[in-house]
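Student: make a model of this:
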Amino acid sequence: MSVRDAWEEEAANWLAWARTPGHDSYWRFHRDRFLALLSPPPTRLLDVGCGEGRLPRDLKSAGYEVVGIDGSSTLVQHALAADPGGDYRVADAAALPFEDGTFPLVTAFMSLHDIDDAAGALAEMARVLQPGGSLCMAMVHPINSAGAFEDDEADAPFVIRDSYFEERRYADSVERDGLQMTFTSYHRPLQAYTAWLEAAGMTIRQIVEVEDSTAPAGSRWQRIPLFIHLRATKDAG
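Tutor: Prediction:
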C-alpha cells in the first residue's frame, strides 16, 4: 500500500484530528511561524497536500487566492464541503495538472514527508513556479523522524537506533483526548531534500527549526526540533 492510500484510509480520523481546534501542533504553535515565511497577500498560490483544507481556509482569510491539491479524494471532498467556493482538486503531487510557471507561490505544509515520490513532487512544484517565485514547506524534522525519546521525562535521552541517512517508511499510531490517528510517512535525511531542491533549480533562502515553544522550559521538544520550515526560490532562467 502506498502512503497516499494509507492516508485515504485514515481520512475520517484525520478529519476529526485536524478539525478539533487546539488539538495538534498546527493550532498550538506551528501555523503562524509557517505563515511568516510567505510573501504577503494578495498572491495566488498552490497548496500541495491540502488535506481537508484548514491551511487554505486560513490563507484565504488572510487574503491569498488558493488552489489546493491532495491525493485523497475523501479529504478533497471535505475541503470542498467546508469551502464551497474554493478550488480543490484530486491530483498527484508528482504530476501536477498545471502549466509551467503558473504560480508565484507554492506551499507544502506538512505534506512532503507523506508523498511517495518526494523528488518528483519537488521537481513539479518548481516547474509550476514562476521564475523568482517561492516554495514554502514544512516537514517533520529529519532528526525527529530518525529517532525517539527513551521515555516521557523532560530529561529523557533522545536515541537514534537506525541509520539517519537511510530512507524508510514508518507509521506512528497516536491516541490523545479520545481521538486516534495513524500517521504514515517517510523518514529521509535533510540532504535528500536539499539535493532535490538544487536539482529542480531552487535556492534555499531560509530554514527555521521549530521547537515546542508552548511547553515548560527544559521539556523534551525544546531540546530536539519537532519540525523544519524552509523557503526556497526558483532560479531565474
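Student: could I get the full set of strands for the protein?
Tutor: With strands called from DSSP state E, the chain shows them at 44-48, 65-70, 87-90, 103-109, 129-140, 148-149, 158-159, 168-176, 179-187, 202-210, 227-234.
Student: for burial, what's the neighbour tally of the nearest residue to residue 187 once chain neighbours are set aside?
Tutor: For residue 187, ignoring the flanking residues on the chain, the nearest one in space by CB to CB, 6 or more residues apart in numbering is residue 145 at 4.0 Å. Where you see a C-beta, it was placed from the backbone N, CA and C, and this is true even at glycine. Per other CB atoms under 10 Å, the neighbour tally for residue 145 reads 20.
Student: make CSV out of the strands of the chain and add mean neighbour count.
Tutor: Listed next are the strands of the chain as CSV, based on neighbours: other CB atoms under 10 Å:
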stretch, mean neighbour count
strand 44-48, 23
strand 65-70, 23
strand 87-90, 18
strand 103-109, 24
strand 129-140, 21
strand 148-149, 16
strand 158-159, 12
strand 168-176, 11
strand 179-187, 18
strand 202-210, 15
strand 227-234, 22
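Student: residue 118 is nearest to which of the ones you listed?
Tutor: With CB to CB as the measure, strand 179-187 is the member of the strands of the chain nearest residue 118 (7.0 Å).
Student: output that closest one as CSV, nothing but the C-alphas.
Tutor: Provided in CSV are the C-alpha atoms of strand 179-187 (Å, rounded to 0.1, in the frame of the first residue of the first chain):
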residue,chain,number,x,y,z
LEU,A,179,-9.0,10.9,19.1
GLN,A,180,-7.0,8.3,17.2
MET,A,181,-4.7,8.7,14.2
THR,A,182,-2.1,6.7,12.4
PHE,A,183,0.5,8.9,10.6
THR,A,184,2.2,7.1,7.8
SER,A,185,5.2,8.9,6.5
TYR,A,186,8.8,8.7,5.2
HIS,A,187,12.0,9.4,7.1
